[in-house]
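> Fold the following.
(3 chains)
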Amino acid sequence: DPALHEAMGIDKKYRSIGIMGARTGAGPHIMAADEAVKATNTEVISIELPRDTKGGAGHGSLILFGAEDVSDAKRAVEVALNAVNEKFGDVYANDAGHIELQYTARASYACNKAFNAPLGKSFGLIVGAPAAIGVVIADTALKAANVEVLAYSSPSNGTSLSNESILAICGDSGAVRQAVLTAKEVGVKLLETMGGSAPSVTTPYI
Amino acid sequence: DPALHEAMGIDKKYRSIGIMGARTGAGPHIMAADEAVKATNTEVISIELPRDTKGGAGHGSLILFGAEDVSDAKRAVEVALNAVNEKFGDVYANDAGHIELQYTARASYACNKAFNAPLGKSFGLIVGAPAAIGVVIADTALKAANVEVLAYSSPSNGTSLSNESILAICGDSGAVRQAVLTAKEVGVKLLETMGGSAPSVTTPYI
Amino acid sequence: DPALHEAMGIDKKYRSIGIMGARTGAGPHIMAADEAVKATNTEVISIELPRDTKGGAGHGSLILFGAEDVSDAKRAVEVALNAVNEKFGDVYANDAGHIELQYTARASYACNKAFNAPLGKSFGLIVGAPAAIGVVIADTALKAANVEVLAYSSPSNGTSLSNESILAICGDSGAVRQAVLTAKEVGVKLLETMGGSAPSVTTPYI
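Below is the predicted model:
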């Protein structure tokens, strides 16, 4: 409806809007949206990260795709939903908290909008909750490989008051992958020491 | 105590304060407070909406009534508490999220304070969580009847970082009711597709 | 890592960082950190309070200690972790919410950083959730003894959108203790009226 369009502050050129959101998994949804804008004729209008996760320590998501054509908007949501499962692959969780790793060889507009990732370059995400775990594995990642820090977020800076520390990195694809995988190894061990077995939510993809 | 009165920034003319709050149900408590100020010699001092709902996607509430007389403040809290149950009537919830509808033929000072509702006019509220559901049913509502948008809120604009989209509308009472009921029908179906049966929390009142 | 150090905005003089955090118990962790800086050659770099508590109404914590020497940072974390259990002693919780009382005869740098507590003076903390309980027991505390209000926080002012009201007080140690204990008595009764038995999380220490 045009009145809602205006109240939401969306550019009128987007005649069709694709809507995706969930109570858990901000990172997986952003990465899935990144695949969707690569594959379709759409743009990412907005990415909002509520403080949610069904009682967990992190964020939910609300992501809007804009298109001139309704079939493009639909297709973007489809592609993204198909990719979400994979992007939960390096989320490891137990009662103590969770860690999340994301990696792409070529970042697109969703990673750019959310984390200022340079387009077409390798990008990685290292998340730990509670935030103390995130600080430790961010440090681990940066010591493991020569990558560039794009952003560091913590409960009162850059997150939606979530109990997470988030490190976004870019650089050479081998180095980014190495940093992410080293953080994962240390992070899973830390989590498991605190709260028992912390399996992947789906299947690891990195 | 006067020191607390001052630290809370409350006008000294309110010699008596009525306090109401809960972990869940911001909308129901605001609507109940609206009935209370209609029925008593009190004013709504403040409405605060924490990010709460016992692990759910929405808000809790802290509402203060001000009065010169202690019996008026007490009476406001009583009236409001008696009305809360009814105002939960069009909250529908399951594991996937919730939707909430509110409607009044004549908005009073609580709706005015919280949503800028014009006094004495018909007012409606359309809430969906996760926020993606809220966007869809807000659109549905505005297409269903000729009403005016008072406010649109989303996780990072106007909510307390909750995973909700909230549409506040006013207009002709028949149109507002129609918009709200259409949103409810679509919203309950969406919720039930995602998470199974989503019954009313109490008994529908609209 | 130096890149993380810089992204976190930490002064370079701290060559070693001690990290403490949890999903629940902001107050207990701050009070435990206060003991740690009293006992070691460290400083409190930052205290962040995410909106967390595993679905509860309050905050989690992320506290960083800075030191020039790694053994000092380590020792601070050790001392703090050993003190946490005691500082959970006057947290009382049930399904309806929680109250928390803290008291120290001599506040140090963590209480100073978090609540502006005067160094070396007696300090007390009175927390209630949902926030409506906090308002009531804050009032009770201030009526019970002649103490000074340092800060009053509520869901939208001074908390991380948590469903808590928090009163920080200082003054004569007998008066602070008296205010805190009176708030506890009233608060536990209120909580138990609303949600049944509300025992101490560990063992009361005040």
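> For the rest of this, base every contact and every neighbour count on C-alpha atoms.
Fine.
> so how many other residues sit close to the residue in chain A that chain C sits nearest to?
Residue of chain A nearest chain C, by CA to the nearest CA: A:Gly55 (4.1 Å). For A:Gly55, the neighbour count with other CA atoms under 10 Å in any protein chain shown is 20.
> now do A:Asp1
Applying other CA under 10 Å, we find 12 residues neighbouring A:Asp1.
> where does chain A dip in pLDDT?
For chain A, applying pLDDT under 70 flags no range at all.
> where do the helices sit along it?
Assigned by DSSP state H, the helices in chain A fall at A:2-7, A:26-39, A:70-87, A:109-115, A:131-144, A:173-195.
> closest to C:Thr104 out of those?
Closest to C:Thr104 of those, according to CA to CA: helix A:131-144, at 25.9 Å.
> so who does the one residue sitting closest to the centre of chain A touch?
Among the residues of chain A, the one closest to the centroid is A:Gly27, at 2.0 Å (CA atoms, centre = their mean). Residues near A:Gly27 by CA atoms under 8 Å, 6 or more residues apart in numbering or on different chains: A:Lys87, A:Glu100, A:Gln102.
> just A:Thr182 next, same as before
By CA under 8 Å, 6+ apart, A:Thr182 lies in contact with A:Thr140, A:Ala141, A:Ala144.
> and the closest residue to A:Lys12 other than its chain neighbours, how many neighbours?
The shortest distance from A:Lys12 to any non-neighbouring residue, by CA to CA, 6 or more residues apart in numbering or on different chains, is to A:His5 (7.6 Å). Residues near A:His5, counting by other CA under 10 Å, number 15.
> got it, and A:Glu185?
12.
> Kindly provide the distance from it to A:Val136.
12 Å (CA to CA, to the nearest Å).
> same question, A:Gly174
22 Å.
> who has more neighbours, the two?
The neighbour count for A:Gly174 versus A:Val136, taken as other CA under 10 Å, is higher for A:Val136 (17 against 13).
> Tell me the spacing between that one and B:Leu142.
Remark: distance between A:Val136 and B:Leu142 (CA to CA) = 48 Å.
> And for A:Ala67?
21 Å.
> Tell me if I'm right that A:Arg51 and B:Ser156 touch.
No. With contacts counted by CA atoms under 8 Å, A:Arg51 stays clear of B:Ser156, the gap being 9.5 Å.
> Compare neighbour counts for the two and give me the winner.
Neighbour count, other CA under 10 Å: between A:Arg51 and B:Ser156, A:Arg51 has more, with 34 against 19.
> Report how many residues lie close to the residue lying closest to that one once chain neighbours are set aside.
With sequence-adjacent residues excluded and distances taken as CA to CA, 6+ apart, A:Arg51 is closest to A:His59, at 4.7 Å. Neighbour count of A:His59, defined by other CA under 10 Å: 27.
> wait, what's in contact with the closest residue to chain B within chain A?
Proximity of chain A to chain B (CA to the nearest CA) peaks at A:Gly55, 4.1 Å away. Residues in contact with A:Gly55 (CA under 8 Å, 6+ apart) are B:Lys54, B:Gly55, B:Gly56, C:Asp52, C:Lys54, C:Gly55, C:Gly56.
> Including distance to B:Ala76, could these go into a markdown table?
As requested, those are exported to a markdown table (distance: CA to CA, whole Å):
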| residue | distance to B:Ala76 |
| --- | --- |
| B:Lys54 | 26 |
| B:Gly55 | 29 |
| B:Gly56 | 28 |
| C:Asp52 | 32 |
| C:Lys54 | 33 |
| C:Gly55 | 30 |
| C:Gly56 | 28 |
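> and A:Ile47, what is it in contact with?
Taking CA under 8 Å, 6+ apart, one finds A:Ile30, A:Ser61, A:Leu62, A:Ile63, A:Leu64, A:Lys113, A:Ala114 in contact with A:Ile47.
> picking that back up, just put the contacts of A:Gly27 in JSON lines and tack on distance to B:Gly195 and neighbour count.
Formatted as JSON lines, the contacts of A:Gly27 follow (distance: CA to CA, whole Å; neighbours: other CA atoms under 10 Å in any protein chain shown):
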{"residue": "A:Lys87", "distance to B:Gly195": "22", "neighbour count": "26"}
{"residue": "A:Glu100", "distance to B:Gly195": "25", "neighbour count": "28"}
{"residue": "A:Gln102", "distance to B:Gly195": "28", "neighbour count": "23"}
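> Just give me the closest of these to A:Thr40.
Closest approach to A:Thr40 among the contacts of A:Gly27 (CA to CA): A:Lys87, at 18.5 Å.
> Quick check: that closest one touching A:Ala32?
Yes. At 6.7 Å, A:Lys87 counts as touching A:Ala32 under the criterion of CA under 8 Å.
> sorry, back to before: what about A:Ala67 and B:Leu142, which has more around it?
B:Leu142 (25 against 22).
> Enumerate every residue touching the more buried one.
Applying CA under 8 Å, 6+ apart to B:Leu142 gives the contacts A:Asp1, A:Ala3, A:Leu4, B:Ala179.
> Neighbour-wise, which one of the residues you listed leads?
Greatest neighbour count in the contacts of B:Leu142, by other CA under 10 Å, goes to B:Ala179: 26 neighbours.
> before we move on, the earlier item: which ones among the contacts of A:Ile47 come in contact with chain C?
With the criterion set as CA under 8 Å from any CA of the partner chain, no member of the contacts of A:Ile47 is near chain C.
> can I get those residues in CSV with neighbour count and distance to A:Leu161?
Below are the contacts of A:Ile47 laid out as CSV (neighbours: other CA atoms under 10 Å in any protein chain shown; distance: CA to CA, whole Å):
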residue, neighbour count, distance to A:Leu161
A:Ile30, 27, 18
A:Ser61, 28, 14
A:Leu62, 28, 16
A:Ile63, 23, 19
A:Leu64, 23, 22
A:Lys113, 16, 19
A:Ala114, 17, 16
